[in-house]
Structures are given as structure tokens and as C-alpha cells.
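Engineer: Got a predicted structure plus its sequence, pasted below:
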Amino acid sequence: MTTAQSTREAADSSAGPPTVLPGVLGRLGVWATRRLRLVLVLWFVLVVGLGAFAPQVTSALAGAGWQANGSESVTVRELAQKHFGGNASSAVQVVVTTDKQVSDPSVRKVIAEATALLEHDSRISTVVQPQAGATISQDEKAAILLAGAGADTNDMVRAADDLKKPLSELSGDGIEVSATGSSVMWSDFNTANHDAMMHSEMVSWPVTMAILVLAFGSLVAAGLPLLLTIAGLAASAGALVLLNHATPTSIWAMNFAMMFALALGIDYALFLVVRFRAALARHGNSVRAVAETMDTAGKAVALSGLTVLVSLSAVMLVPAPAFRSMALGIMLAVVFVLAATLTLLPAVLGRLGGRVNAASLPIARAAATGDGSSPRFTAWGERLWRHPLRYGLPALLVLVALAAPVIGLRTAMPSITVVPEKDSSRVGYEAVQKAFGDGAPGTLQIVTPTAEADRTAKELAANKAITGVMPAQPAADGSSLSLIQAVPTVDPSDPGLEKTVDALRRDLPSSALVGGAAVENLDLQTTLDDKTPLVMGVILALGFLLLLVALQAPLVALIGTLTNLLATAAAFGAARLIFQDGHGAELLGFTSQGFLDGWAPVFFFAMIFAIAMDYTVFLLSTAKEHYDKTGDPRTAVVAALGHSGRVIFAAAAVMVAVFFTFALSGPLPPKEMGIVLGIAVLLDAALVRLVLLPVLLRLTGRAAWHTPAWLRRILPDIHFSHG
């Protein structure tokens, strides 16, 4: 080595400038490293500024929004609220049951106290007293007070939050008071699910921390994902509160945002820290290591974040406010975590330098080679290359076998059984059924021109699926509309109700509109069924295009997309076996509804595909980096597994642990979510990313990485190597 060379290297080591001109992300990482104080101040201001709103998140966010905008049933609800004193599907019903008679003075006193409570709430428009032959049972031991909706659906859920407890406190002396109806059901449903998800998050933290310490190999490095998660969560929680002022945002948006902030924060931190350690071991200089890390792993993280955002944006095609706000909530969390990963994390890594390995475990010091690769996963890559069919074929058969049941998958909106048994809405629901018949909680509302009211009522009475028709109610504001309420013979969750509604919409006068809370669920399910193929198609197409742009090779982009689809199909096939057919229901502590909840296909597909793309990008970007350097397909596959296999394995272990803790939740929806997503991640990591995808790269060889000349001229020039 010459004196000049020694001088240059010494200068590089002391001053820290990278000797290779970094790319855009590399320059961003170097800038953040050299301006750590500024980066910390900016993030402190952002987190504190937005975090100040975070405590309001559970009270400010919306509780409703589970509707198909523009549907006939939503139109009925809006007309009923506007013209019929708030007698809409969002109205609150107060059920009073007694072992006496409704006319008993003590019962009348309770009804009067309930009326006073309702009238005192500005969100209640009018209170309709129990009426004989309609809302008083034949044995006169049950009566229903109707509290009209004087606000939108989200405020009515908040009203239910506030009213159900004081109403239940009126119970006593052989009298039971329960609030029920759609708004109360959503209030109970959201509360139960939110509490369950928070409990599951708390249970998952110790397991997550143990896996992180083992994965990172040091206590210092294991704390870095927490840095990203806390920053991302605080910022996204506050941003959701602000977003709620622009558009009603579902409380579920916060739950999903928490989950994704944790999962992606761990994924991204793992990938960057592992690459940083390897670069630091080679160069001995933290600034150069940051530049190389950001130009390689940082670029893959940016692409991964973009694919997650694209996948979730497709959910916006569903015209349901709850779905759109949940997608927005997750996207906000992804944006903040991604921003922290590309600015805050490199700044901290640059300052830590070799101290990132502080308090390292003995097992970790022997887990990686000098270039940062894992000897075990490198050996696994060599084995897959030598015997692709021995391992690839069984993995494919397992995935196909699990995916096959998806053909018979049935979906529907959840029944009242997803609400805990002692919650007000379920107690009231069952009391209404006992006193007024199975179909009473699903009473249909038909809005018709007054001139057609008699004809419409006769058609309803003649329908064998209708057990009772109430007299037409003229509009309170004098408009030429009438509201007719009809009680079906079946429970709102019975599949026969859909046939009844279809028949009514076909046979009633064309000017008659059929709605009601149960019909809103049916219309939402229909919309989901119609939009699901479109959403899935858009996600697949955009995912393929992003991989094509990133990897510059159509075949490998197609392989990545199709393997993602296979893993997702396998997860839904397993979901059918568990939740529809009931296999393992007793072990998991739930009763099968005979179907998967209606939002699962479209929303879970987007989430699963986003997570799968995360791992796909990590593996294929590393393979692309090494193929560009060597032009050797074998080196690309083996090096990709050696450098990314441990990261994928550890990140998947954390995700599976987090998701499977939701299996401990009492309510069915978070149980469904946790098990379906946990199975999806397990299958994707264990069988697809670490077996099937490398095998397919082995079988396709150089063809996988070939780019036609005409396509090369169109695509931007993207490389995952440094310099």
C-alpha cells in the first residue's frame, strides 16, 4: 500500500466521507448521519406535535361506516332520518322486559326515566313511546322505546357509547333495560374488538422482544425497531385524529395502524441493521456503512413500503367508509415508519457505529460471517440449488392442497353472536326475538310514495316470508312519502333473508325502496362481492408492475407475483377449513358461523399481499444485487438466502407471534384476523420465500433475470448495488 493510499484511507476513516459516490438514498443516509441533532429535533417536533392528539384517538375516531355508499338501503336510512323523525336503522332501541306488566306503575316509571335520559341527549331527535300491537309484546311483558337518530351514524354510535350504561343502570326489581339496535351493536362490537386487540398487543410484546434480541443478537440493536415503532405509532395516531376532522375515520384504523407499525418497523430495522453491520465490518467506518446500507437495503425498504402503500390503496375502490379509513390509517402508519426508517434509523446507526453490537449475545457472534451472511441460510441455499425438486415439489403440493378449499369459501356479514353475550346490544337483541319473533331485530323499512303505500303494504302482507306489517307512517315534514315497517320470518343472519329482500325489490312497486339495518349488511356484502375481484386484480397488476420496474426482468417479477398469490390463496383455504367448516373451533374457543366474515377477502387479501411483497422485495432485491455483480444465477440465489434468509425468518417469527396472539382474543373478528394473517405469514416465509421462490429461480436460471432490449429502453435504470 502506498503512502498516498494510506493517507486517503486514514482521512476516510477519520472524516467519514464514503469513497464511492452514493446514490440518492445513500446521500440521504449520509446527510442524516452528519446532522443527527437536526434529525432528532425534527422527529421530536413531529412526534410531540402529532402525538399531542394521540390520547384523543379512541374517543375521536368513528365507530360506524360499515355501509355501501350509494346503496338502496343507505338511501332508505337517510330518507327515514330526514322525513320520519329519525326512525332510521341507526336509531337506538331501548328494550324494557319485566316479569310484571308494561302497564305496572313501576315499569311505567322506568320507561319515563329512560325517556328522560334519551331526550336529554342532543343526538336523539324524538322518542317514540311503546305502542300496543307494534312495540308492546302480546303478553305485555316487553316494550320498546324508539330513540330516533338525530345525528349521523358515527355520532349515533358515540351516543350509544354514552347511553347504554346509564340505561342499563335503570334495571332492577324484576325489570331489565337494554339498549340495542345497529348503533349499539357497533358500539359493543368496536369496544370488544378494540379491547381484545389491545390485550393481544400487550401479550405479544414480551414474545416480540425475546425474538428481537435473538434475531439482532444484541440488546442495543433490538431496541431500534422500538424507536421506529414508537415514532411511527405516535405520529400516525395523532394524524388519524386530524384525518377524522376531514373524513370520519374508523376506530379500527388505529388498531391496524398499530399492527403494521410494529410489523414493518421490525422488518425494516432488521434488514437495515443486518446490512449496516456487514458494511461496518468491511469498511470500519460508520458513514460509509450507512451510505452502502441505504443504497442497497434502504432502496429495498423504500420499494417495499411503496408496494405496501399500493396494495392498500386498492382497498379505496370499495365504496365503504370503514374500509377506506382503515386503509388510510395503515397507509399513514406505513408512511411514518418508512420516513423514520430512511432518516431517523440511519442517523442513529451512524452515531452508534460499532456500539450497535453492544451487549451482544454469544450465539450472535457466531451466527454470521464477515460479509454479514448467515452460514446456515447460505448452506440452505446451496442445498436448494443442488436438489430443487426434492424441496420445491413438497412445498408446492402443500400450498396447492391448502389453496384448494378456497373454491368453496363463503362470506357474509357477522351475526350478533360476534358481540359478547352480556353486552347490551346482544341482551336486547335476544329479548326482542323472544318477545316479538325471530325476525324482529331485522325489521325491514320500506320507503314509498304515499300514493303507492296501500299497494306496497298489500304486497308485503301477501309475502309468506313476512310475518307482520305495520301501518304506513306518513312523513313528519309533510312530504309525499310513507314508511312501512315489515317483520321477516327469519333471523337477520339467516341466508333466507337475502332471498326475501331480493323478492321484495323485484315484486314491490318500482318506487318502493327496501332498507333496514339487516339490509344494509346485505347491500354491503353484495358490494364487497362485486368489488373484490377488481381490488384483487388491481393489487396483482400494480404489484407486478412495481416488481418489474425494480427488478428489470419480467419473468422474475411474474414469479414473485404468482408466488404471493399462491401463498395468499393457501391462507384463505386454511381460513375456510377453520372458520367456515369449524376444524379446530373448540381448541381455538369459538363457534363457527358457517362462513368467513364478509370483509375478509378484500381487506385481508390486501394486507397479506402487502406483507408477502415485503419479503419478496427483500429476497429478490438481494438476489438482483448479486446477479448484477456476478451474472451468475447460482450466486444470486445462494447469496440472497445467505444475506436475507435470517432477516425473513426472524421478521416472520415476530409477525407470526404478534398475529397468533389474536387467537387468544374472545371476539371472533380479531381471532379471524390474527389466525388468517399468522397462517399467511407462516406459509409465505417458510414455504414460499425460503423454499419455492429460490427453487423457481434455480429452475428458470438466467431466463429469470433476462430483460428484453425494448423493455430495457422503457424502464428506469434501477440497481440494488452500492456505487
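Structural biologist: Yep, that arrived. Numbers count the residues shown, from 1 in each chain.

Engineer: Need the distance between the two termini of stretch 599-609.
Structural biologist: End-to-end span of stretch 599-609 (Cα to Cα, to the nearest Å): 15 Å.

Engineer: Show me what the helix or strand where Leu227 lies packs onto, helices and strands only.
Structural biologist: Take DSSP states H and E as the rule and Leu227 turns out to sit in helix 219-246. Packing contacts for helix 219-246, counted by 3 or more Cβ pairs under 8 Å, 6 or more residues apart in numbering; DSSP states H and E, involve helix 36-51, helix 57-60, helix 182-216, helix 252-283, helix 321-339, helix 345-352. C-beta here means a position set from N, CA and C on the backbone, and glycine is covered the same way.

Engineer: So for Ala704, which of these sits nearest?
Structural biologist: Of all these, helix 252-283 sits nearest to Ala704, with 22.1 Å by Cβ to Cβ.

Engineer: Identify each buried residue in the closest one, please.
Structural biologist: Residues 252-281, 283 are the ones in helix 252-283 that count as buried (16 or more other Cβ atoms under 10 Å).

Engineer: One more: stretch 409-420?
Structural biologist: 409, 411-416, 418-420.

Engineer: Take those and keep only those in strands.
Structural biologist: Of the buried residues of stretch 409-420, the ones assigned to strands by DSSP state E are 411-412.

Engineer: Check the buried residues of stretch 409-420 against Leu588 and report the nearest one.
Structural biologist: Closest to Leu588, out of all of the buried residues of stretch 409-420 and judged by Cβ to Cβ, is Val418, at 14.4 Å.

Engineer: Spatially nearest residue to the closest one (excluding sequence neighbours)?
Structural biologist: Leaving aside its sequence neighbours, Val418 sits nearest to Leu668 (Cβ to Cβ, 6 or more residues apart in numbering; 4.7 Å).

Engineer: mind exporting stretch 317-331 as CSV, just the C-alpha atoms?
Structural biologist: Below are the C-alpha coordinates for stretch 317-331, written out as CSV (Å, rounded to 0.1, in the frame of the first residue of the first chain):
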residue,chain,number,x,y,z
LEU,A,317,-62.0,1.2,-4.6
VAL,A,318,-64.6,-0.3,-2.2
PRO,A,319,-67.2,2.4,-1.6
ALA,A,320,-67.4,1.8,2.2
PRO,A,321,-66.2,4.5,4.6
ALA,A,322,-64.9,2.0,7.2
PHE,A,323,-62.7,0.2,4.6
ARG,A,324,-61.4,3.4,3.1
SER,A,325,-60.5,4.9,6.5
MET,A,326,-58.8,1.6,7.7
ALA,A,327,-56.7,1.6,4.5
LEU,A,328,-55.8,5.2,5.1
GLY,A,329,-54.9,4.5,8.7
ILE,A,330,-52.5,1.7,7.7
MET,A,331,-51.1,3.8,4.9
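
Engineer: buried residues in it?
Structural biologist: By 16+ other Cβ under 10 Å, the buried positions in stretch 317-331 come out as 317-331.

Engineer: As a markdown table, the buried residues of stretch 409-420 with pLDDT and distance to Ala475 would be great.
Structural biologist: Conversion of the buried residues of stretch 409-420 to a markdown table gives the following (pLDDT from 0 to 100; distance: Cβ to Cβ, whole Å):
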| residue | pLDDT | distance to Ala475 |
| --- | --- | --- |
| Leu409 | 93 | 43 |
| Thr411 | 91 | 37 |
| Ala412 | 89 | 33 |
| Met413 | 87 | 30 |
| Pro414 | 84 | 33 |
| Ser415 | 85 | 33 |
| Ile416 | 89 | 31 |
| Val418 | 85 | 35 |
| Val419 | 89 | 33 |
| Pro420 | 88 | 38 |
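
Engineer: Let me have the buried residues of stretch 409-420 in JSON lines, extended by distance to Val48.
Structural biologist: Listed next are the buried residues of stretch 409-420 as JSON lines, based on distance: Cβ to Cβ, whole Å:
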{"residue": "Leu409", "distance to Val48": "46"}
{"residue": "Thr411", "distance to Val48": "43"}
{"residue": "Ala412", "distance to Val48": "45"}
{"residue": "Met413", "distance to Val48": "41"}
{"residue": "Pro414", "distance to Val48": "39"}
{"residue": "Ser415", "distance to Val48": "44"}
{"residue": "Ile416", "distance to Val48": "43"}
{"residue": "Val418", "distance to Val48": "38"}
{"residue": "Val419", "distance to Val48": "38"}
{"residue": "Pro420", "distance to Val48": "37"}
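
Engineer: Okay, and which of the buried residues of stretch 409-420 map to helices?
Structural biologist: With DSSP state H as the criterion, helices contain none of the buried residues of stretch 409-420.

Engineer: if we can go back for a sec, right, and the helices and strands packed on helix 219-246 - which one's nearest Tyr627?
Structural biologist: helix 252-283 (17.3 Å).

Engineer: closest to Glu625 among the buried residues of stretch 409-420?
Structural biologist: For those, the nearest to Glu625 is Leu409 (38.8 Å; Cβ to Cβ).

Engineer: Against Leu577, how distant is that closest one?
Structural biologist: 10 Å (Cβ to Cβ, to the nearest Å).

Engineer: repeat for Ser510
Structural biologist: 44 Å.

Engineer: Show me which of the two is the more surrounded one.
Structural biologist: Shown here are Ser510 and Leu577; by other Cβ atoms under 10 Å, Leu577 has more neighbours (15 against 8).

Engineer: For the residue nearest to the more buried one when sequence neighbours are not counted, give me the pLDDT.
Structural biologist: Of all residues not flanking Leu577 in the chain, His583 sits nearest, at 4.9 Å (Cβ to Cβ, 6+ apart). On pLDDT, His583 comes in at 93.

Engineer: What's the local residue count around His583?
Structural biologist: By other Cβ under 10 Å, neighbour count at His583 equals 14.

Engineer: Repeat that for Asp581.
Structural biologist: 14.

Engineer: same check, this time on Arg702
Structural biologist: For Arg702, the neighbour count with other Cβ under 10 Å is 12.

Engineer: Kindly report the same for Thr115.
Structural biologist: 17.

Engineer: quick one: it and Pro130 touch, right?
Structural biologist: No. Here Thr115 does not reach Pro130: they are 10.2 Å apart, not a contact under Cβ atoms under 8 Å.

Engineer: Next, show the common contact partners of the two.
Structural biologist: Leu145 (Cβ atoms under 8 Å, 6 or more residues apart in numbering).
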